[in-house]
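J.: here is a sequence together with a model predicted from it:
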Amino acid sequence: MAICRARASLSLLKTKSPFFQYVPLHGFSSSQFSSQFESVGFIGLGNMGSRMANNLIKNGYKVAVHDINCNVMKMFSDMGVTTKETPFEVAEASDVVITMLPSSSHVLDVYTGPNGVLRCANLMRTQLLIDSSTIDPQTSRKVSVAVSNYILKEKKDHWEKPVMLDAPVSGGVLAAEAGTLTFMVGGSEDAYLAAKPLFLSMGKNAIYCGGAGTGSAAKICNNLAMAVSMLGVSEAFALGQSLGISAGTLTKVLNTSSARCWSRYLSRLLQVLLTLDSLASISSDIVKKPAF
């Protein structure tokens, strides 16, 4: 299933769309960008976003947050963090807005919805917008084009227009907690350089991938490679067990041989879960069957 989804997403790259055109940032050099921003807005405080926002706070950034989950909003409010009722209110209070959302539809709603970041026609307070959601490149480029049509309410330094970066991450919840994420960044290279201190406050690696949408494309490729690895290891476990090798023994072999890889942990867990699921199904069938 993971491979099918990845293939479907990659096939989008072959389609012709105006949103795949690179949106350059004219007339700027990296030296013209401020390396620090006074205020950061963070939208999307799930398992990943809440930890990323917390690391920004730990690194001294003034952060305002928004999420549809009232409980997590209260948690941040109790910490003394400013909370906002809508994405638009976050944007109005921030020099930079970072979003970490579940899907493309959520990203479009947060940016272009009725209370979205881009609610005001052609005018924005926010200089830099960073989307760290794992979504398709087409949506990333669509939002980037929409942002490029805006101008800043107040010009700061050499910023005349807001800029969009797509910057999905790799590393999972543990890396988000530890601040060791890897960011794959697409968009203006100058904006990437300006945003790098932000990325390194939440992670240990930030890699510039190219124009708008290439960060999202890199994440799809990374997920595809991981899925293929996981399926390969899972098939190896299934084959080994069918040939009479216990999963535990095969795990020891893989951990000390050329097949050693990160996905072996998840594949081993998958095997355990599948076994438990099978046992549960058997138990359920026994319960359902009459005793005679």
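T.: Noted; the coordinates are in hand. Numbers count the residues shown, from 1 in each chain.

J.: need the next SSE after the lowest-mean-pLDDT helix or strand in the chain, C-terminal direction.
T.: For the chain, the helix or strand with the lowest mean confidence is helix 2-11, at a mean of 44 (criterion: mean pLDDT, DSSP states H and E). Downstream of helix 2-11, the first helix or strand assigned by DSSP states H and E is strand 39-43.

J.: show me what that next one is packed against.
T.: Under the contact definition 3 or more CB pairs under 8 Å, 6 or more residues apart in numbering; DSSP states H and E, strand 39-43 sits against helix 49-58, strand 62-66, helix 87-92, strand 96-99. Backbone N, C-alpha and C define where each C-beta goes, glycine included.

J.: residues contacting it, please?
T.: With contact meaning CB atoms under 8 Å, 6 or more residues apart in numbering, strand 39-43 is reached by 49, 52-53, 56, 61-67, 84, 87, 90-91, 93-101, 110, 117, 126, 198.

J.: make it 7 Å
T.: 49, 53, 56, 61-66, 87, 90-91, 93-99, 110 (CB atoms under 7 Å, 6 or more residues apart in numbering).

J.: of these, buried ones?
T.: In those, burial by neighbour count holds for 49, 53, 56, 61-66, 87, 90-91, 93-99, 110, counting by 16 or more other CB atoms under 10 Å.

J.: what ranges do the helices span in the chain?
T.: 2-11, 49-58, 70-78, 87-92, 104-112, 137-148, 172-178, 189-202, 214-242, 247-255, 263-288 (DSSP state H).

J.: distance to Leu165 added to those, as JSON lines?
T.: Compiled in JSON lines, these are given as follows (distance: least, CB to CB, whole Å):
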{"stretch": "helix 2-11", "distance to Leu165": "19"}
{"stretch": "helix 49-58", "distance to Leu165": "15"}
{"stretch": "helix 70-78", "distance to Leu165": "24"}
{"stretch": "helix 87-92", "distance to Leu165": "15"}
{"stretch": "helix 104-112", "distance to Leu165": "13"}
{"stretch": "helix 137-148", "distance to Leu165": "8"}
{"stretch": "helix 172-178", "distance to Leu165": "18"}
{"stretch": "helix 189-202", "distance to Leu165": "6"}
{"stretch": "helix 214-242", "distance to Leu165": "7"}
{"stretch": "helix 247-255", "distance to Leu165": "38"}
{"stretch": "helix 263-288", "distance to Leu165": "29"}
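
J.: nearest to Phe37, of the ones you listed?
T.: helix 189-202 (7.3 Å; CB to CB).

J.: packing partners of the closest one?
T.: helix 49-58, strand 128-131, strand 163-166, strand 181-187, strand 203-210 (3 or more CB pairs under 7 Å, 6 or more residues apart in numbering; DSSP states H and E).

J.: rerun that using 8 Å as the cut-off
T.: In this structure, helix 189-202 makes packing contacts with helix 49-58, strand 96-99, strand 128-131, strand 163-166, strand 181-187, strand 203-210, judged by 3+ CB pairs under 8 Å, 6+ apart.

J.: any chance of those in TSV, plus mean pLDDT and distance to Gly172?
T.: Putting the helices and strands packed on helix 189-202 into TSV (pLDDT from 0 to 100; distance: least, CB to CB, whole Å) gives the following:
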stretch	mean pLDDT	distance to Gly172
helix 49-58	97	10
strand 96-99	98	18
strand 128-131	98	18
strand 163-166	97	19
strand 181-187	98	9
strand 203-210	98	12
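
J.: mind putting the ones you listed in TSV, distance to Leu239 included?
T.: Putting those into TSV (distance: least, CB to CB, whole Å) gives the following:
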stretch	distance to Leu239
helix 49-58	38
strand 96-99	42
strand 128-131	41
strand 163-166	39
strand 181-187	32
strand 203-210	35
